[in-house]
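# below is the sequence, then the predicted model.
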Amino acid sequence: MSVEYFLPLERAVARMKALLFRPFRLETWIVVGFAAFLARLLEGGGGGTHGLRYLAGDRPGQDPGEGIERVREALAEPFWLLVAGAVLVLVLVLGVLFTWISSRAKFVFLDDVVRERAAIAEPWRRYARLGDSLFLWRIVFLISVLAGTLLLAAPFVAVSIAAGASGASGLAVGTALLLLPALLAWAIAATYAAFFLESFVVPIMYRHGLSATRAWGKFLPLFRANFWRFVLFGLFVFALFLGVALVLFVAGCATCCCGFLLMAIPYVGSVVLLPISAAYRAYGPEFLAQFGPEWSVFEPEPPPAEPPPLT
């Protein structure tokens, strides 16, 4: 069968236009933009490392080792150790909470794009079970990725400690070069898994009322039969991302950085970038729909009632 890459993109852009511009309603932008904002929680970038670097003493003209030693001394104090523990617990709790919210909201945003409407409460309730299943799968996936990364990095850490004790720094560099391909392959595999989850597995869950694990089980045979088509789709989307990022950079510079400011404001940035988000949300399902009606979230129209129980 012939698989297109540009035609699904054209259809996705057409769906975005029908949702946001035909006709243009500010209410639609506000509501759907909020759904997009919730769906993308924890997925945005940010320059939050500068404060940590400053605390560690990473300032011009100062030895970074002195900052590291100062952090060690601070954490040796019971009070600061307690504060660090409380902050860590708070970060973990907020991370889990935001992951749950975004998992539920992904179905809200997808439903708005598929049905070309603006709604929050009704799809939030209707797809609650699917969102909870996605949340649990994402938590397990994150733990697995972290565990795999630590497992791959463990030999380098062990060799680095031994090399530091013996002064053989070249051994640590050699070990890092040997482990780099494995870490790179692991990172690419994890990135593709997260990408396929967003682009294809979530729509399959939405279409058939399946749990995340069952949806993966339905998708993987199709993926194995069309391996390079899906890999190329990921590369194509990455190229589109670079092109869109360049356009946004030029637009931000052309507005004397006012555009950058708007895009950086939580929720406001989601509304400003909503045409891009909505078209991207529709692109994966449009590509998947080429493989037959059973893969399409658009044909037939998803029922307005609750989805069938998770299977």
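Everything's here; your move. Fair warning: this is a prediction, and the values are worked out from it, not measured in the lab.
# can you classify Leu210 by secondary structure?
Leu210 carries the three-state label coil when classified by DSSP: H, G, I helix; E, B strand; the rest coil.
# ramachandran angles for it?
Recorded main-chain torsions at Leu210 are phi -90, psi 150, according to degrees, to the nearest 10.
# my guess is it contacts Val202. True?
No: proximity of Leu210 to Val202 does not meet the contact threshold set by C-beta atoms under 8 Å, at 10.5 Å. Backbone N, C-alpha and C define where each C-beta goes, glycine included.
# shaky segments in the stretch 101-250 of the chain?
Scanning the stretch 101-250 of the chain for pLDDT under 70 picks out 159-176.
# show me where it has helices.
Taking DSSP state H, counting those that start in this stretch to define them, one finds helices in the stretch 101-250 of the chain at 121-126, 128-166, 169-196, 202-208, 212-225, 227-254.
# which of these sits closest to Leu274?
helix 227-254 (13.3 Å; C-beta to C-beta).
# now that closest one and helix 212-225, what's the angle there?
Taking axes from the mean of the first three to the mean of the last three C-alpha atoms, to 10 degrees, one finds that helix 227-254 is oriented at 110 degrees with respect to helix 212-225.
# follow-up on the earlier one: most packed of the helices of the stretch 101-250 of the chain?
For the helices of the stretch 101-250 of the chain, the stretch with the most neighbours on average is helix 202-208, a mean of 24; neighbours defined as mean count of other C-beta atoms under 10 Å.
# ok, now which ones touch Phe34?
Remark: with contacts taken as C-beta atoms under 8 Å, 6 or more residues apart in numbering, Phe34 is in contact with 120, 267, 270.
# the second one: how many residues sit nearby?
By that I understand Tyr267. Counted with other C-beta atoms under 10 Å, residues neighbouring Tyr267 total 13.
# what's the separation between it and Pro8?
Remark: distance between Tyr267 and Pro8 (C-beta to C-beta, to the nearest Å) = 29 Å.
# now the helices of the stretch 101-250 of the chain in CSV, with distance to Gln290?
Putting the helices of the stretch 101-250 of the chain into CSV (distance: least, C-beta to C-beta, whole Å) gives the following:
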stretch, distance to Gln290
helix 121-126, 25
helix 128-166, 23
helix 169-196, 16
helix 202-208, 13
helix 212-225, 11
helix 227-254, 9
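# Tyr283: which of those is closest?
Tyr283 lies closest, by C-beta to C-beta, to one member of the helices of the stretch 101-250 of the chain: helix 227-254, at 7.3 Å.
# quick check: the gap between Arg229 and Ala194.
Applying C-beta to C-beta to Arg229 and Ala194 gives a distance of 19 Å.
# same check on Val247?
With distances defined as C-beta to C-beta, the gap from Val247 to Ala194 amounts to 24 Å.
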